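Participant: model this:
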Amino acid sequence: MTTYKGIQGFNIQNLSEDPVPTVAGWSAGGNLNTARQSIKGAGTQTAGLAFSGYTGTAATNATEEYNGSTWSPGGNMGTTRNNLAGLGTQTAGLAAAGEIPPVSNATEEYDGSAWTAGGNVATAREQLAGCGIQTAGLIFGGNAPAKSTATEEYDGSAWTTGGNLAVANAAMGGAGTQTAGLAFGGDSPTLTAATEEYNGTSWTAGGNLNLARERLAGAGLQTAGLAFGGGAPAVTGSTEEYNGTSWTTVTSMTTARSLHGGAGTQPTALAFGGQPPITNATEEYNNWTPAAGYTFENEGQVWYNNTENVWKVQDATAVGSWASGGNLNVGRGSLAAAASATQTASLFFGGGASPFTPTEEYDGTSFSSATAMGNARYYPGGLGTQTAAAAVSGFQTVGSQTTATEEYDGSTWTAGGAVGTARYRGIGAGIQTAGLFIAGSVSPGTRQSLTEEYDGTSWTAGGATSSAKYFLGGAGTQTAGLNFGGSPGPSPSVLNNTEEYDGTSWTAGGSMVTAISSMAGGGLQTAAISAGGYNGTATINSTQTYDGTSWSAPAATLPTTKSEFAGHGPSTAAFVAGGGSPNAGSAEYTAAGAPTTKTITVS
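Facilitator: All right, here's what the predicted structure looks like:
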């Protein structure tokens, strides 16, 4: 006879209180096809890239691509090596330096199928770290063969010298972007717990790891980093999360390892390969920051609560939720946000009523006023992070758009390169040195399908969207972008189409559940979120999420209906603020943290 335990793996229980298992932690993923150590990676948990390494008998040039469950072969590297720096995405990866032996200065770029030679690094070295994307990369430290402080920045074709690390280091972890990098742990020349933060020019000390170690892996951003594994000196599975100030120890990996690869974000990371012994094991990290009192370990678990005298079940479908955050000091709509910022380090600028120049920084609790922009504007595009942002184009007065770009360094705004076509109500994506400005409108009402790409200095034309539109949503990076929804004009026309960008052209993605414009959103091409907006009839407060293939509509709703507001990802920890009327409110999203405990009615 079939039993509930036979189906679900555990018995129905008689309990005095509801169970509270654990959410955060590592779980097994699909194995690599080639077991190896000294491997490097790039991308996300559902679109990962693994390359190079040492099999135990020889170095390998093998590349593998991960789809969230299985690894499949990709194009082999041109130069076989290990202990290099890896960064970028699955369709725009970057491999720099490493050991052949001897140490190498080679760079290779991956386009999703094949590797081609890029510009050589200035300092050949191995056991270095890297972060960023293919067109805005950062490498630092390593053995050359002596411990090195060297930092180099990549623009998609050539490396230039950046600010040196404060302490020569090798075998450290790396995370972040070219203008907001993070280096942690390593061998300098003894095991270290030190962290250094990069602002695009120089390195400064950050908070120390709780466990000093080397040969670890990293993922995430400067303000939301993840360190996992390594040698301390014994091999460890220890995992720590960084919030921009300090590290917190969380659940360790199931398999202790060092010299492994890493990819992804702080809440959704990927670890693969490593040693000892040399392994092909993959683990996936998920930390959805569950609501107090509710975590889930046994989805579908049924029990009898003998205190309440009711039968209960742990619902197998967990949903995210929105909660109110701190208010803007100046309530306003038609503003922009730094597209790649985080919930605890956010930046909003422009919009509202004259003078249209306010800038405000959010620390996870409250907004503080910062230096105003030099150019008044509303409905601009936004790029970057709190300490390396860009405000793009927009209205200066009704009927008058500006081509101006301004760059923010965490304290002041300075002039950047002018866009080719001045417009308003377009959307920005990416970072300050590798951004996109997508679609928009030219007064008096000519919608645009153009895309422009920014390298931190100048704008160049990219691939056109399939349709001209404005009031759209955007997410992702310069080489893995996303646009969704919007309006072709005139109101109340709205769209539900999604398009994905590969650095050259746009292709169709999955349609949104609900056609929408004037929304706020962000995240990655494979993990995006859209909230609020206008559905052609009314302003709404609903949420939609994208997994790289299709959209879904979780039950989570904003505290209030909103349109003409701004926000950003990541999709598991999004943040939005402002809105028309005007609105000063903000909202913070926490994904998939509180599965519903349901009472079973017995008849």
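
Participant: can we go C-alpha only for contacts and neighbour counts from here?
Facilitator: Fine.

Participant: so Trp322 is in which element?
Facilitator: strand 321-324 (DSSP states H and E).

Participant: Could you pull out the helices in this structure for me?
Facilitator: Applying DSSP state H to the chain gives helices spanning 4-8.

Participant: tell me the domain boundaries of it?
Facilitator: With domains defined by automatic domain parsing, the chain comprises 25-286, 321-590.

Participant: do you know which of those lies nearest Val310?
Facilitator: Proximity to Val310 (CA to CA) singles out domain 321-590 among those, at 25.6 Å.

Participant: who touches Leu323 in this structure?
Facilitator: In this structure residue 323 is Ala, not Leu. Leu558, Pro559, Ala587, Glu588, Tyr589 (CA atoms under 8 Å, 6 or more residues apart in numbering).

Participant: any idea how far the second one is from Gly567?
Facilitator: The reference is to Pro559. Per CA to CA, to the nearest Å, Pro559 is found 15 Å from Gly567.

Participant: How about the fourth one?
Facilitator: Spatial separation of Glu588 from Gly567 under the definition CA to CA is 10 Å.

Participant: out of these two, which sits in the more crowded spot?
Facilitator: Shown here are Glu588 and Gly567; by other CA atoms under 10 Å, Gly567 has more neighbours (34 against 23).

Participant: Who does that one form a beta bridge with?
Facilitator: Val576 (DSSP bridges).

Participant: just to revisit the earlier point, check the contacts of Ala323 and tell me the two furthest apart.
Facilitator: Farthest-apart pair in the contacts of Ala323 is Pro559 and Tyr589; separation 10.7 Å (CA to CA).

Participant: Common neighbours of the two, please.
Facilitator: Common contact partners of Pro559 and Tyr589 (CA under 8 Å, 6+ apart): Trp322, Ala323.

Participant: rewinding a little: could you export the domains of the chain to JSON lines, including columns for mean pLDDT and distance to Val313?
Facilitator: As requested, these are exported to JSON lines (pLDDT from 0 to 100; distance: least, CA to CA, whole Å):
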{"stretch": "domain 25-286", "mean pLDDT": "95", "distance to Val313": "23"}
{"stretch": "domain 321-590", "mean pLDDT": "94", "distance to Val313": "19"}
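
Participant: Could I get the ones you listed in a markdown table, plus columns for distance to Asn305?
Facilitator: As requested, those are exported to a markdown table (distance: least, CA to CA, whole Å):
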| stretch | distance to Asn305 |
| --- | --- |
| domain 25-286 | 27 |
| domain 321-590 | 26 |
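
Participant: hang on, the earlier thing: neighbour count winner among Pro559 and Tyr589?
Facilitator: Comparing Pro559 with Tyr589 by other CA under 10 Å, the one with more neighbours is Tyr589, at 26 against 17.

Participant: contacting residues for the more buried one?
Facilitator: Contact analysis of Tyr589 by CA under 8 Å, 6+ apart lists Gly320, Ser321, Trp322, Ala323, Thr572, Ala573, Ala574, Phe575.

Participant: for Ile438, same thing?
Facilitator: Neighbours of Ile438 in contact, by CA under 8 Å, 6+ apart: Gly426, Ile427, Gly428, Ser449, Leu450, Thr451, Glu452, Thr465, Asn483.

Participant: hang on, the earlier thing: tell me, what's touching Glu588 and Gly567 both at once?
Facilitator: In contact with both Glu588 and Gly567: Ala574, Phe575, Val576, using CA under 8 Å, 6+ apart.

Participant: I'd say Gln544 and Ile516 touch.
Facilitator: No: taking contacts as CA atoms under 8 Å, Gln544 lies outside contact range of Ile516: 10.2 Å.

Participant: what is Ser542 paired to in the beta sheet?
Facilitator: On the basis of DSSP bridges, Ser542 is bridged to Thr557.

Participant: count of residues packed around it?
Facilitator: Ser542 has 21 nearby residues by other CA under 10 Å.

Participant: could you list every residue that touches it?
Facilitator: Ser542 neighbours (CA under 8 Å, 6+ apart): Ala531, Gly532, Ala553, Ala555, Ala556, Thr557, Leu558.

Participant: quick one on the thing from earlier: relative to Thr307, tell me which of the domains of the chain wins on proximity.
Facilitator: The closest of the domains of the chain to Thr307 is domain 321-590. By CA to CA, the value is 28.6 Å.

Participant: buried sites along the strand holding Trp322?
Facilitator: Neighbour-count burial for strand 321-324 flags Ser321, Trp322, Ser324 (criterion: 16 or more other CA atoms under 10 Å).

Participant: next one: stretch 364-378
Facilitator: Buried residues in stretch 364-378, counting neighbours by 16+ other CA under 10 Å, are found at Phe367, Ala370, Thr371, Ala372, Met373, Asn375, Ala376, Arg377, Tyr378.

Participant: circling back to that earlier point, and Gln544 and Ile516? Which one has more around it.
Facilitator: Ile516 (29 against 21).

Participant: Leaving out sequence neighbours, find the closest residue to that one.
Facilitator: Nearest-residue entry for Ile516: Asn535, 4.7 Å, with adjacent residues in sequence omitted and distances by CA to CA, 6 or more residues apart in numbering.

Participant: Tell me how many other residues surround that neighbour.
Facilitator: Around Asn535 there are 23 other residues, counting by other CA under 10 Å.

Participant: For the closest residue to Gly119 other than its chain neighbours, give its distance to Leu436.
Facilitator: Excluding the flanking residues, the one nearest Gly119 by CA to CA, 6+ apart is Ala158, at 4.7 Å. Distance, Ala158 to Leu436, by CA to CA: 20 Å.

Participant: what about those two, which has more around it?
Facilitator: The neighbour comparison of Ala158 against Leu436 (other CA under 10 Å) goes to Leu436, with 34 against 15.

Participant: Gly481 and Ala475: what is the separation?
Facilitator: Distance of Gly481 to Ala475, computed by CA to CA: 6 Å.

Participant: Also Ser491?
Facilitator: Counting by CA to CA, the gap from Ser491 to Ala475 is 24 Å.

Participant: The two: which is more packed in?
Facilitator: Neighbour count, other CA under 10 Å: between Ser491 and Ala475, Ala475 has more, with 32 against 11.

Participant: show me the contacts for that one.
Facilitator: When contacts are counted by CA under 8 Å, 6+ apart, Ala475 touches 339, 428-430, 481-483, 521-525, 528, 568-569.

Participant: Only the buried subset of the residues you listed, as a ChimeraX command please.
Facilitator: Burial among those is assessed by 16+ other CA under 10 Å; the matching ChimeraX selection reads:
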select :339,428,429,430,481,482,483,521,522,523,524,525,528,568,569
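
Participant: Mind listing the shared neighbours of Gly481 and Ala475?
Facilitator: By CA under 8 Å, 6+ apart, the residues touching both Gly481 and Ala475 are Ala429, Gly430, Leu524, Gln525.

Participant: Can you list the strands that the strand holding Trp322 pairs with?
Facilitator: Here, using DSSP bridges, strand 321-324 pairs with strand 586-590 (antiparallel).

Participant: about what we covered before: as TSV, the contacts of Ala323 with distance to Ala85 would be great.
Facilitator: Output for the contacts of Ala323, formatted as TSV (distance: CA to CA, whole Å):
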residue	distance to Ala85
Leu558	41
Pro559	43
Ala587	37
Glu588	34
Tyr589	33
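
Participant: Return the member of these nearest to Ala234.
Facilitator: Distances from Ala234 to these, taken by CA to CA, are shortest for Tyr589, at 38.3 Å.

Participant: Please tell me how far the closest one sits from Thr572.
Facilitator: 7 Å.

Participant: again, but for Trp311
Facilitator: In terms of CA to CA, Trp311 sits 31 Å off from Thr572.
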